[in-house]
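> show me how the following folds:
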Amino acid sequence: MFDSFISILTALWQQDFTILQNPASMTMIYFCLILFIWLESAFIPAAPLPCDSVVILAGSLAAANVISYPVIVAGLIMAAAIGSQLAFLQGRWLHKFPTIQKWINAVPAHRLQTVDSLLTKHGLIALFVARFIPVVRPLLPLMMGLRMQQTSRFHYFAWMSAIIWILLLTGFGYSLSFLPEKLSKYITMALMAAPVITLVIAVCSFISGYCLKRYRRKKIC
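Sure, this is the predicted structure:
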C-alpha cells in the first residue's frame with residue numbers, strides 16, 4: 001500500500017503517464033489528490049503542500065483521460081469544503097487543544113495580518129480570496145471558528161468557495177492540454193515546484209534571522 005502510494009506520488013510529480021494510465025493506479029491517484037487537498041485545507045502544518053498546483057494537475061490528468069473530470073472535481077470540492085469545516089471546528093475547540101495554538105503561533109506575522117484584514121474588510125466573502133493564498137487557506141476558517149457564533153453562513157460560503165476554486169484551477173489545468181505536450185509538462189512541474197521553493201526560502205530566511213539575532217545578543221553581552 002505504502003509503496004503504491006509513493007509510486008503514484010512520484011509518477012504525479014514526473015507526469016509519468018505510463019504508470020498513471022494503468023487502470024490499477026486510478027484509485028490511488030484519486031486518493032492522493034483528494035488527500036492532499038483535504039489535509040492542506042484542514043491543517044495549518046500541511047500548508048506547504050502544493051495544493052493549487054495539485055488541483056491544476058488534476059485538470060491536466062482529466063484532459064489526458066487518466067481520470068474522470070466529473071469524479072475528481074466532485075472529490076476535490078468535497079475535500080476542500082470538508083477540510084475548511086474541520087479547520088473551523090479547530091477554532092471552536094482551540095481552548096481544548098493547546099497544540100492548535102502552537103500552530104497559530106508558528107504562522108508568520110504578515111499572514112496573520114492578512115487574515116485579520118480579510119475578516120475585517122470582507123467577512124465571509126474572504127473565504128473566496130483565502131482559497132488562493134497558501135497558509136491563509138486553513139488559517140482563515142480556524143480564525144472564523146474562534147470569532148463567529150453562527151455557523152450556517154460559514155458552511156454555505158465554505159462550499160461555494162470550494163466549488164469556485166476547484167472549477168477555476170481544474171479548468172486551467174484542463175486547458176493546458178491544448179498547449180504543446182513538452183510546454184504543458186514544464187508549466188505543470190514549475191507550478192508544483194513553486195510552493196516548495198517558496199517554503200525553502202522562507203525556512204532559510206527564518207533560520208538566518210534567528211542566527212543573526214543570537215549573534216547580536218552574544219555580541220552585546
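> what helix or strand is residue 129 on?
Using DSSP states H and E, residue 129 maps to helix 126-130.
> after that helix comes which helix or strand?
Once the chain leaves helix 126-130, the next helix or strand it forms, by DSSP H and E, is helix 136-147.
> tell me what that following helix is packed against?
helix 26-42, helix 69-92, helix 98-106, helix 109-122, helix 126-130, helix 152-175 (3 or more CB pairs under 8 Å, 6 or more residues apart in numbering; DSSP states H and E). The way it works is simple: take the backbone N, C-alpha and C, and place the C-beta from them, glycine included.
> what would the ones you listed look like in TSV with distance to residue 208 and mean pLDDT?
Below are these laid out as TSV (distance: least, CB to CB, whole Å; pLDDT from 0 to 100):
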stretch	distance to residue 208	mean pLDDT
helix 26-42	26	87
helix 69-92	31	90
helix 98-106	17	68
helix 109-122	17	66
helix 126-130	29	75
helix 152-175	33	86
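> same list (those) but as CSV, adding distance to residue 137 and mean neighbour count.
Putting the helices and strands packed on helix 136-147 into CSV (distance: least, CB to CB, whole Å; neighbours: other CB atoms under 10 Å) gives the following:
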stretch, distance to residue 137, mean neighbour count
helix 26-42, 6, 20
helix 69-92, 8, 20
helix 98-106, 14, 12
helix 109-122, 10, 14
helix 126-130, 5, 21
helix 152-175, 9, 18
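> distance of the residue lying closest to residue 11 once chain neighbours are set aside relative to residue 8?
Excluding the flanking residues, the one nearest residue 11 by CB to CB, 6 or more residues apart in numbering is residue 19, at 4.1 Å. Between residue 19 and residue 8 the computed distance is 7 Å (CB to CB, to the nearest Å).
> and the two? which has more neighbours close in?
Neighbours were counted for residue 19 and for residue 8 using other CB atoms under 10 Å; residue 8 has more, 23 against 17.
> residue 211 versus the more buried one, what's the distance?
To residue 211, residue 8 is 38 Å away according to CB to CB.
> same deal with residue 186?
Applying CB to CB to residue 186 and residue 211 gives a distance of 36 Å.
> try residue 55
According to CB to CB, residue 55 stands 36 Å off from residue 211.
> which one's more surrounded, these two?
Between residue 55 and residue 211, residue 55 has the larger neighbour count (other CB under 10 Å), namely 27 against 10.
> what about that one, helix or strand, and which?
Counting by DSSP H and E, the element that carries residue 55 is helix 51-63.
> helices and strands around that helix, which ones?
helix 26-42, helix 69-92, helix 152-175, helix 181-220.
> closest to residue 146 out of those?
Nearest to residue 146 among the helices and strands packed on helix 51-63 is helix 69-92; the distance by CB to CB comes to 4.3 Å.
> just checking, what packs against that closest one?
Looks like helix 69-92 contacts helix 26-42, helix 51-63, helix 136-147, helix 152-175 (3+ CB pairs under 8 Å, 6+ apart).
> how about the third one, which residues are buried there?
Along helix 136-147, the positions that meet the burial threshold by neighbour count (16 or more other CB atoms under 10 Å) are 136-145.
> perfect, I'm done here.
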